[in-house]
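Engineer: below is the sequence, then the predicted model.
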Amino acid sequence: MISMLKSDLKQIIDDLKKIIKIPIRINRRTLAILLVILIGYGSIFLIDEYVRNVFSKIHTEYFDFLFSIGHFYGKLTLTIIFFVTLYSAGLFLKNDRIRRNGLRILEAFIFSGLIVTILKTFIGRWRPYNEYGNLAFSPFNFGSNDYLSLSSGDVAIAFAFSTIAASFSENKYWKIFCYIFAVLTFSGRIYHDQHWMSDVILGAFISTMVGIRLIYIEKNSA
């Protein structure tokens, strides 16, 4: 078992290197795609205030309850529960597939979490509830949570978990079920005035890409 744990720890490090070294061929087509993505993402900032205003008008007990589910889903607790359960079961049953599924859940959390945390710290965007507007930034923030808005950590956790969990089965209803809760987290962060629309979109994008990359690595190493 000790050798297996050491092997999996090495696997996490190797997978991180592969995530960092995503092969991108720099050419005109790549640059054009990146430009379109940047323009598209930048345009979301234009509707941040509007979306916040819309969500501020739908506060009810029903939505309070609904988005509280998403709030729980975007926390570390669920990731730890599933990682420990699947990883332990895989070791006990000597089932590599179950163990690897648990490991990928942990990897998706760690890798997307690292990216999001670095972005939060260096961008230093003020959260909506501070009432400074969606273009207020205090870069290189190593302190207050008030300006750790871009991007959303809860949404990153939720989509990282959902992307990996959805890969456990090819059943489309299972995949939809997995992402429903991630969408609740996505919407809930705006509803609770913790993030702008552009924050949650970037968090979802980062963790989904990390999850997809991990799934690709897993399939090609089998």
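Structural biologist: Perfect, thanks for sending it.

Engineer: and the longest helix along the chain, what other elements does it pack with?
Structural biologist: Identified as the longest helix of the chain according to DSSP state H is helix 96-123. The contact analysis (3 or more CB pairs under 8 Å, 6 or more residues apart in numbering; DSSP states H and E) places helix 96-123 against helix 2-20, helix 76-93, helix 153-166, helix 197-221. For the C-beta atoms, the positions are set from N, CA and C on the backbone; glycine is no exception.

Engineer: residue 66 is nearest to which of these?
Structural biologist: Evaluated with CB to CB, the helices and strands packed on helix 96-123 place helix 153-166 nearest to residue 66, the distance being 14.3 Å.

Engineer: angle of the closest one against helix 197-221?
Structural biologist: 30 degrees (axes from the mean of the first three to the mean of the last three CA atoms, to 10 degrees).

Engineer: send me the helix or strand just after helix 153-166 as CSV with only the CA atoms.
Structural biologist: Sequence order places helix 172-191 as the next helix or strand after helix 153-166, per DSSP states H and E. These are the backbone C-alpha positions of helix 172-191, laid out as CSV (Å, rounded to 0.1, in the frame of the first residue of the first chain):
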residue,chain,number,x,y,z
LYS,A,172,-26.1,11.7,-20.6
TYR,A,173,-28.6,12.0,-17.7
TRP,A,174,-25.8,11.3,-15.2
LYS,A,175,-23.7,14.1,-16.8
ILE,A,176,-26.6,16.5,-16.7
PHE,A,177,-27.2,15.6,-13.0
CYS,A,178,-23.6,16.3,-12.2
TYR,A,179,-23.6,19.7,-13.8
ILE,A,180,-26.9,20.9,-12.3
PHE,A,181,-25.3,21.4,-9.0
ALA,A,182,-22.3,23.2,-10.5
VAL,A,183,-24.7,25.6,-12.2
LEU,A,184,-26.4,26.2,-8.9
THR,A,185,-23.1,27.1,-7.4
PHE,A,186,-22.4,29.3,-10.4
SER,A,187,-25.7,31.2,-10.0
GLY,A,188,-25.6,31.2,-6.2
ARG,A,189,-22.3,33.1,-6.1
ILE,A,190,-23.9,36.0,-8.0
TYR,A,191,-27.2,35.6,-6.0
